[in-house]
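Asker: structure of the sequence below:
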Amino acid sequence: MEELTWLSAAQMAAMVRRKEVSPRQLLEAHLERIQRLDPQLHAFVEVDAERARLQALDAEAALRAGNAEGALLGVPVSIKSSLQVAGLRAECGSRLRAGHVAQQDAPLVARLKAAGAIVLGTTNAPEFLMAYETDNRLYGRTHNPWNLSRTPGGSSGGEAAAIASGCAAAGVGSDGGGSIRVPAHFSGICGLKPTPGRIPSTGHFPPSVGPFAMIGVVGPMARNVGDLRLMLEVMAGPDDGDACAAPVPVRALAERELRATRIGWFEDDGETPVTVETRAAVRRAAEALRLAGFEVEPFRPRGLAEARRLWWTFFAQAGALVLKPAVAGREAEISPLLKEFMSLVEAGPPLALEPFMNAWIARDTLRAQFLAEMNRFTVLLCPVCSIPAFRHGEREWQIAGRVARYLREPDVMTYTQWFNVLGNPAAVVPVGQAPGGLPIGVQVVGRPWEEERVLAIAEEIERATGGFKPPPVA
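Answerer: Predicted coordinates for the structure are as follows:
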């Protein structure tokens with residue numbers, strides 16, 4: 001049964017349609033794996049075996065009736081606990097929301113279920129998603145399946161750990177500053193941050209409204225790029241509850257169009273140091289694409305430092321402003337990670353209206369400049385993060401004789417933050433390994449609404465470099 005959990009989501013669905021394996025067999029294999037591994041990982045906050053078994057029975061009834069069209073028929077998936085899944089807790093890792101149960105499915109969850117996916121349960125996240133590691137006072141700490149002394153990242157750390165360990169075939173995370181991409185990189189899997197509005201964020205908490213609609217998205221996580229594409233196809237499409245929604249259908253990218261893609265790559269931003277192995281992974285991905293016949297050149301876009309400063313305004317300063325009323329009078333109940341985030345923001349000047357509006361104008365100006373540069377290179381390759389998965393609680397690193405920090409400049413997470421504030425789609429694919437075997441991913445960035453091109457290039461890299469490898473804990 002165990003080998004079933006390492007199949008791709010696409011393979012699982014194909015085998016179900018051919019009646020080579022039943023939805024119940026797939027489900028029980030994953031439930032057994034969760035029971036065995038999750039006591040070490042703490043990836044899940046809630047596993048609803050009873051409800052999942054009912055979904056498996058529905059999938060089998062559909063098969064008997066000759067309705068085997070669901071793209072994810074019988075595939076067990078997990079959902080980050082910041083998204084609504086009817087009947088399951090959606091507490092977003094906070095005591096302030098303890099016991100909150102979703103009354104209905106988020107639109108993307110409803111779409112997954114309509115495609116035949118079986119929802120195993122919901123996964124752990126840091127409180128209100130404000131950290132790059134996963135720990136909270138409700139459910140504790142999630143561990144990396146590559147090394148239990150290290151974090152799988154955040155805020156979609158539970159998702160990454162569940163998928164990397166074979167406890168779920170695929171899943172859904174959210175990303176306001178790297179929260180899909182960093183956990184994918186730390187855990188050795190693939191992840192996609194789509195263009196805002198490509199997949200509806202309706203039903204997510206905190207809500208993607210105001211400036212958060214511009215930077216925050218929901219997106220798929222899986223062990224291979226093909227499954228990211230499959231999940232995107234199922235979940236994409238507008239919804240009235242998403243402020244950025246647009247009717248952009250997922251399309252097939254013609255081979256001729258793909259081969260015309262010009263790719264720029266850079267190992268670092270000139271400010272934030274990057275480990276030797278991370279640099280090597282980016283170079284390896286670039287060389288793989290060159291050997292595949294693509295035009296690939298070294299290129300570093302302008303304005304990256306400004307993009308990071310603007311991200312801090314919209315995500316950190318504006319986020320803390322929204323959170324303050326929610327935690328007022330209950331500060332003793334919030335997690336150390338959230339306290340750390342709030343104290344970092346409070347150490348700087350308060351966010352006033354005029355600087356905020358100036359930042360918004362500066363963002364739009366910078367985005368126009370950045371997209372103009374991307375007319376030349378429609379895809380960029382760069383690091384996901386300066387470092388591989390860090391030890392729980394680490395906050396500072398020595399890299400090539402220089403200091404890099406957590407949420408303080410030079411911030412090791414800078415490499416994902418830019419593309420939230422600029423609105424680009426970006427995928428992560430595993431490419432290399434650090435000493436000790438920790439995985440290293442590479443980030444593939446495209447122009448808005450060009451997820452198909454991003455995934456096609458990521459798939460080329462995956463094909464050349466080997467892609468996902470099972471972690472030691474599995």
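Asker: helices of the stretch 201-350 of the chain, start to end?
Answerer: 211-215, 225-235, 255-259, 276-291, 304-311, 318-327, 336-346 (DSSP state H, counting those that start in this stretch).
Asker: those: which one's closest to Q11?
Answerer: Nearest to Q11 among the helices of the stretch 201-350 of the chain is helix 225-235; the distance by C-beta to C-beta comes to 9.2 Å. For glycine as for every other residue, the C-beta is placed from the backbone atoms N, C-alpha and C.
Asker: show residues contacting the closest one.
Answerer: Residues from elsewhere that reach helix 225-235 (C-beta atoms under 8 Å, 6 or more residues apart in numbering): 8-10, 71-72, 108, 111-112, 115, 117, 169-170, 172, 190-192, 194, 198-200, 218-222, 250, 427, 429, 451-452, 455, 458-459, 462, 467.
Asker: convert it to PDB, retaining C-alpha atoms only.
Answerer: Presented in PDB, the C-alpha positions along helix 225-235 are these (Å, rounded to 0.1, in the frame of the first residue of the first chain):
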ATOM      1  CA  VAL A 225       5.200  20.200 -11.700                       C
ATOM      2  CA  GLY A 226       2.600  18.300 -13.700                       C
ATOM      3  CA  ASP A 227       0.500  18.000 -10.600                       C
ATOM      4  CA  LEU A 228       0.800  21.800 -10.100                       C
ATOM      5  CA  ARG A 229      -0.600  22.200 -13.600                       C
ATOM      6  CA  LEU A 230      -3.400  19.800 -12.900                       C
ATOM      7  CA  MET A 231      -4.400  21.500  -9.600                       C
ATOM      8  CA  LEU A 232      -4.300  24.900 -11.400                       C
ATOM      9  CA  GLU A 233      -6.600  23.700 -14.100                       C
ATOM     10  CA  VAL A 234      -9.100  22.500 -11.500                       C
ATOM     11  CA  MET A 235      -9.000  25.600  -9.200                       C
END
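Asker: tell me the mean pLDDT for it?
Answerer: Regarding helix 225-235, the rounded mean pLDDT is 98.
Asker: now do that helix: distance to the chain's middle.
Answerer: Averaging C-alpha positions (C-alpha atoms, centre = their mean, to the nearest Å) puts helix 225-235 13 Å from its chain's average.
Asker: in stretch 204-218, what's buried?
Answerer: Residues H204, F205, P206, S208, P211, F212, A213, M214, I215, G216, V217, V218 are the ones in stretch 204-218 that count as buried (16 or more other C-beta atoms under 10 Å).
Asker: do you know the pLDDT at the residue nearest to the fourth one when sequence neighbours are not counted?
Answerer: With sequence-adjacent residues excluded and distances taken as C-beta to C-beta, 6 or more residues apart in numbering, S208 is closest to S201, at 3.9 Å. The score at S201 is 98. That number is its pLDDT.
Asker: repeat that for the one 5 residues further on.
Answerer: Here the pLDDT value assigned to P206 is 95.
Asker: now swap in the one 3 residues further on and tell me
Answerer: Looking at V209, its pLDDT stands at 93.
Asker: show me what contacts it?
Answerer: Here V209 is in contact with A243 (C-beta under 8 Å, 6+ apart).
Asker: need phi/psi at it.
Answerer: Phi and psi for V209, reported as degrees, to the nearest 10, are phi -130, psi 160.
Asker: what separation do you get for R141 and E60?
Answerer: The gap separating R141 from E60 is 37 Å, by C-beta to C-beta, to the nearest Å.
Asker: my error: substitute R17 in the last question.
Answerer: Distance of R17 to E60, computed by C-beta to C-beta: 12 Å.
Asker: and the helices of the stretch 201-350 of the chain: which comes nearest R367?
Answerer: So among the helices of the stretch 201-350 of the chain, helix 304-311 is nearest, using C-beta to C-beta, at 8.7 Å.
Asker: relative to S81, how far out is V47?
Answerer: Distance, V47 to S81, by C-beta to C-beta: 12 Å.
Asker: please say which of these two ends up with more neighbours.
Answerer: S81 (32 against 22; other C-beta atoms under 10 Å).
Asker: doesn't G93 make contact with that one?
Answerer: Yes. Counting by C-beta atoms under 8 Å, S81 touches G93, with 6.8 Å between them.
Asker: which neighbours do these two share?
Answerer: Jointly contacting S81 and G93 under the rule C-beta under 8 Å, 6+ apart are N124, A125.
Asker: can you report how many residues lie near V182?
Answerer: Neighbour number of V182 under other C-beta under 10 Å is 32.
Asker: ugh, typo on my part, it should be H143
Answerer: 23.
Asker: what sits closest to it if chain neighbours are left out?
Answerer: Nearest one to H143, counting by C-beta to C-beta, 6+ apart, is L41 at 5.3 Å.
Asker: distance check, the one you found against A10.
Answerer: Going from L41 to A10 by C-beta to C-beta gives 25 Å.
Asker: these two: which is more packed in?
Answerer: The residue with more neighbours, out of L41 and A10, is L41; 25 against 20, by other C-beta under 10 Å.
Asker: so that one touches Y139, yeah?
Answerer: No. In this structure, L41 is not within contact of Y139 by C-beta under 8 Å, at 11.6 Å.
Asker: now the buried residues of stretch 204-218 in CSV, with distance to D242?
Answerer: Putting these into CSV (distance: C-beta to C-beta, whole Å) gives the following:
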residue, distance to D242
H204, 9
F205, 14
P206, 14
S208, 7
P211, 15
F212, 12
A213, 8
M214, 12
I215, 14
G216, 11
V217, 10
V218, 9
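Asker: need the max-distance pair from those residues.
Answerer: F205 and M214 (17.5 Å).
Asker: buried residues in the longest helix seen in the chain?
Answerer: Counting by DSSP state H, the longest helix found in the chain is helix 353-373. The neighbour-count check on helix 353-373 (16+ other C-beta under 10 Å) flags A359, A362, R363, L366, R367, F370 as buried.
Asker: what helices or strands is that helix leaning on?
Answerer: The criterion is 3 or more C-beta pairs under 8 Å, 6 or more residues apart in numbering; DSSP states H and E, and the helices and strands that helix 353-373 contacts are helix 304-311, helix 414-422.
Asker: now the shortest one, how far from the centre of its chain.
Answerer: The gap between where helix 304-311 is centred and where its chain is centred comes out at 20 Å by C-alpha atoms, centre = their mean.
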